[in-house]
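Student: Sequence first, then the predicted structure:
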Amino acid sequence: MDYSDTTVVIPVKNEPAVGIVAGEALRKLPGAGVIIIHKGALRDARGVIGSPRVRVMQQRSDGKGAAVREALRRVKTSIVCLIDGDATYSVDDLKKAIDAVRQGADLVLGNRFHSIDDDVMPAYVQFGNNILTATANILYGMGLHDSQTGLRAMRTDAIRALELAERGFGIEEEMNILARKAGLRIREIPISYSVRVGESKQFKPLDGVRLLLTNFKFLG
């Protein structure tokens with residue numbers, strides 16, 4: 001199957017597995033483009049840098065949200081995907097998300113929590129994610145199971161029209177909420193989730209509080 005209608009964006013901050021993730025995207029998504037947008041050192045990506053299908057961007061400002069917004073401005077395809085550069089997500093699942101967009105969804109989210117264990121994600125992090133998702137569901141009636149997922153596929157024009165503004169990890173919640181408020185077709189699919197390659201960046205309690213407050217920014 002041809003994926004020339006798709007661009008995969010990989011936001012990176014010192015991720016040692018970025019070459020693995022980008023290489024998997026190149027192999028399993030024939031024709032797709034890959035944008036690696038990085039802050040700090042870009043490690044272990046020599047095997048994919050130089051491919052005509054890979055574009056490497058130096059992030060100009062701080063935060064995951066800023067990285068996503070900078071990369072979105074460079075996307076020329078009708079479908080854009082997000083996948084973290086730590087090898088926790090599978091490109092096989094990304095293929096399923098792309099199929100769902102092609103079938104009519106505007107935003108497709110990978111649900112990690114249909115099957116996950118504490119060795120992959122600590123119980124307290126699972127609890128925090130569930131609180132964030134439940135709060136958004138109550139406030140906006142979304143019915144999601146995993147609002148913070150880092151695996152997403154979406155129609156490029158639909159996501160650009162949302163005019164995302166969050167600079168940090170609140171970008172995922174902002175995207176969900178604004179898509180819901182805009183009446184976009186949101187779909188979740190079950191995905192796998194693996195142990196992170198490299199240093200853990202699991203959220204601290206203060207990060208969770210900040211994300212929880214993000215849920216209330218878009219009321220009204």
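Tutor: Great, that's in hand. Predicted model, so just to flag it, every value in this text is computed and none were measured.
Student: which stretches of this protein aren't confidently modelled?
Tutor: Low-confidence regions of the chain, defined by pLDDT under 70, span residues 43-44, 46, 198-205.
Student: residue ranges of the strands in it, please?
Tutor: Assigned by DSSP state E, the strands in the chain fall at 6-13, 33-39, 54-58, 79-82, 107-111, 152-155, 186-190.
Student: can you tell which of those is closest to residue 21?
Tutor: strand 6-13 (5.9 Å; CB to CB). For the C-beta atoms, the positions are set from N, CA and C on the backbone; glycine is no exception.
Student: Partner strands of that closest one and their direction?
Tutor: Applying DSSP bridges, strand 6-13 is found paired with strand 33-39 (parallel), strand 79-82 (parallel).
Student: CA atoms of the last one as PDB?
Tutor: When you say that, I think you mean strand 79-82. The C-alpha trace of strand 79-82 is given here as PDB (Å, rounded to 0.1, in the frame of the first residue of the first chain):
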ATOM      1  CA  ILE A  79      -2.700  13.100   6.400                       C
ATOM      2  CA  VAL A  80      -0.300  13.800   9.300                       C
ATOM      3  CA  CYS A  81       0.700  11.500  12.100                       C
ATOM      4  CA  LEU A  82       2.400  12.000  15.500                       C
END
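Student: And the contacts of that strand?
Tutor: With contact meaning CB atoms under 8 Å, 6 or more residues apart in numbering, strand 79-82 is reached by 5-11, 68, 72, 94, 97-98, 101-102, 150-156, 159.
Student: on that earlier part again, for the strands paired with strand 6-13, which one ends up most surrounded?
Tutor: Ranked by mean neighbour count, the strands paired with strand 6-13 are led by strand 79-82 with a mean of 26 (mean count of other CB atoms under 10 Å).
Student: Cross-check the contact I'm expecting between residue 72 and residue 154.
Tutor: No - using CB atoms under 8 Å, residue 72 makes no contact with residue 154, being 9.7 Å away.
Student: out of these two, which sits in the busier spot?
Tutor: residue 154 (26 against 19; other CB atoms under 10 Å).
Student: Is the more buried one bridged to anything, and to what?
Tutor: Applying DSSP bridges, one finds that residue 154 bridges with residue 80, residue 107.
Student: so which of the strands paired with strand 6-13 comes closest to residue 88?
Tutor: Residue 88 lies closest to strand 79-82 among the strands paired with strand 6-13, at 12.7 Å (CB to CB).
Student: Do I have it right that residue 55 meets residue 22?
Tutor: No - contact between residue 55 and residue 22 fails when scored by CB under 8 Å: they sit 10.6 Å apart.
Student: Residues that sit against both of these two, list them.
Tutor: The contact sets of residue 55 and residue 22 overlap at 34, 36 (CB under 8 Å, 6+ apart).
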